Each structure stands twice: as C-alpha cells, then as structure tokens.
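structure for this input, please:
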Amino acid sequence: MLDCEISYDSSYTDQLNAKISARYAGSPKREATHLSDLLGCTLKAWGKYHLPVEEWRQVEAEDDPILMWGQGLQFEELVSEGQKQRRAAWCLKCQAVSGVTVTLDGEQATCPVCSERWLLATPDYVVDGIIHESKQTRKSQRKGPMDAPWWIEQLAGYILFERRRGGDSAQMHEGRLVVNWIMGDYGEKRKGYRPRPPRSAIEAFVVRFPDTKEWWAEWEEELRRRKRIIEGDERPKLSFPGDEFVDSPKYSWECAGCPVGEPLGCENWLWGKEGRVHEPVEVSTKEGEAAEGKVVGGANNKVFVAE
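Purely as a prediction, here's the structure:
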C-alpha cells in the first residue's frame, strides 16, 4: 500500500446521510396513511403516527435505507416501462379513489369531502394494464416471493385500488413482481455439492389472486381493520410466542431498525445500553410470581427475561 494517512471524515459522512435523507426519505412523519403502513407491525406504524419525531430513535442512512433509496431506485429505473409511479389516494369512507397527485410528504393528506385520512398507494409501473412492483433484496432466492408475504399483500393492495377506481368494470386480479436477488441463492450449501456463490439474479413472477368480489371485499375489510388500528388512540397489542394472532402481522426484520420501538417501550425492542443485544431467556414461572431481570415478553405463564 502506498504511504498515506487515512482518517474517518465524520463531517462529510453526516452531510451525505443528511443529503440522502432529504432527497429520498422526505418527511419521516406521515400525515396520510400509506399502504405500506398496513403490511407490517401495526405498533410501529401506530407509534410513527402518534409520537413526535423528536422522540424517535433516528436510524442512519445506511444498510437498508441506502439499498432502498440508492440501488432500489436505480433498479426500478432499469426495469420499469409503461406508465411509471401511478400514485393514487383512496378515501375508504367515501369509497372514492382519486388519481390526483399526492406527494409522499403529506400534501393532501385527507379527503376534502369528509376529512378522512387518505390511504395512499404508489405502484412502481403499469404495463398493458398489469401492475408491476420491483424489489431488490438480499434475501435468498431459494424460496422466492413465498418467503416475503408482505410483497404479495402489497401487490394485492395495489390491485384492489385499481378495482375500486374502476368500480365493477375493473376485473384486474393479477400483477407481476420483478425481483433482483442481490445475493442469489446463497442457501445452496449441501454437503458434497459445489456451493453456489452469492450471484445476483433477476426474476419475474406473475401473482394471480382469486377473481371473486367476495375475496376482494374480505381483503378490503382487512385493510380497513389495520388502518383503524393504526389511526386509533389505543396502542396495538403484540403477540408473544404461544399467543394467537392479535393485531397485525409482524416480521423480525422490522425490529432491528424500528425508530419507535425504544420510546414506545416495545417488548420486542432488541437493543439494550450501548447497542448490546438483549438475549431473551425463557423462564418458567408460576402465575403471580415475578422473574428477575427485565421482562421482554410473556405467554402461557412464561416470561422472557433479558440478561
């Protein structure tokens, strides 16, 4: 290596993070409800709506945000065609879907007729009447979209928007996922076989949903239910191991970078002091007994204590 001195430029690093956030992230506080808010942990979405931004645990523009804002946007531009970014706003109270431009930072956040919060959706692009959603991910290619049910729900939400926009005449019931598996099938490591290297790949998938009014009506009611939870005053409940489904689907990948888990005192918040991970230890207790340590979850007379 050539003779030189290398030092970390914290000031310029902060400038870059701020610039990326300002350009792509917009305001972190959403005044309208986005379809993506309904596809994961409702407690996180509820906290982002109810807590002041000043109380959030700020997540730096690294890892997933950079993947989404940088590479993800470039990938979308690479593969997209037809009509791009067909943004729509849906008032579930008036049952009206508007094609007016609704910005992501909260402009026109409520319906002008009834003041209900919009439900916003922005498919990546539409070709020949088929909604396309592009994804770039480090997930393994092995299980395909079946390992990402929130992608399927997102596509179903976009299609539902189009069906409601067109009334009974809109018979759309299928869409397409275009996925860039950045790391390929890195799970292929069978004994005695040559391991597959992390190799990027692009695949397209057609997703067909039932073409019945009843099925789409049930999906709409489920989205309504989640929207009511997020916008309501009552804090959503969490499920613990052994509990039945409570308020929402939730995925472990959301927890690590959740901006509101700490201020909400979420039982699934992962990080302790100085960024150390809580290691949950299952401890059987009799009803009414207290366990030593910090309780981070519990079900069926058992608690999970962070050491």
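
and the helices in the stretch 201-307 of the chain?
213-231, 252-256, 261-264 (DSSP state H, counting those that start in this stretch).

got those helices as JSON lines, with mean neighbour count and distance to Arg87 columns?
Glycine gets a C-beta too; all of them are placed from N, C-alpha and C. As requested, the helices of the stretch 201-307 of the chain are exported to JSON lines (neighbours: other CB atoms under 10 Å; distance: least, CB to CB, whole Å):
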{"stretch": "helix 213-231", "mean neighbour count": "15", "distance to Arg87": "17"}
{"stretch": "helix 252-256", "mean neighbour count": "14", "distance to Arg87": "24"}
{"stretch": "helix 261-264", "mean neighbour count": "18", "distance to Arg87": "29"}
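
those helices: lowest mean pLDDT?
Lowest mean pLDDT of these: helix 252-256, a mean of 77.

alpha carbons of it, in PDB - could you do that?
The C-alpha atoms that make up helix 252-256 are tabulated as PDB, following Å, rounded to 0.1, in the frame of the first residue of the first chain:
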ATOM      1  CA  SER A 252     -38.400  -9.800  12.800                       C
ATOM      2  CA  TRP A 253     -36.600  -7.800  10.100                       C
ATOM      3  CA  GLU A 254     -38.600  -4.700  11.200                       C
ATOM      4  CA  CYS A 255     -37.500  -4.800  14.800                       C
ATOM      5  CA  ALA A 256     -33.700  -4.000  14.300                       C
END
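
now the strands for this protein?
Secondary structure of the chain (DSSP state E): strands at 33-34, 83-84, 88-91, 96-98, 119-121, 125-127, 130-137, 174-181, 201-208, 280-284, 294-299, 302-306.

average pLDDT for the last one?
I take that to be strand 302-306. Rounded mean pLDDT across strand 302-306 is 39.

Pro259: neighbour count?
Counted with other CB atoms under 10 Å, residues neighbouring Pro259 total 18.

nearest spatial neighbour of it, skipping sequence neighbours?
Nearest residue to Pro259, sequence neighbours excluded (CB to CB, 6 or more residues apart in numbering): Trp56, at 4.3 Å.

show me what contacts the one you found?
28, 48, 259-260, 263 (CB atoms under 8 Å, 6 or more residues apart in numbering).

ok, now Arg86?
Contact criterion CB under 8 Å, 6+ apart gives 99, 122-123, 125-126 as the residues in contact with Arg86.
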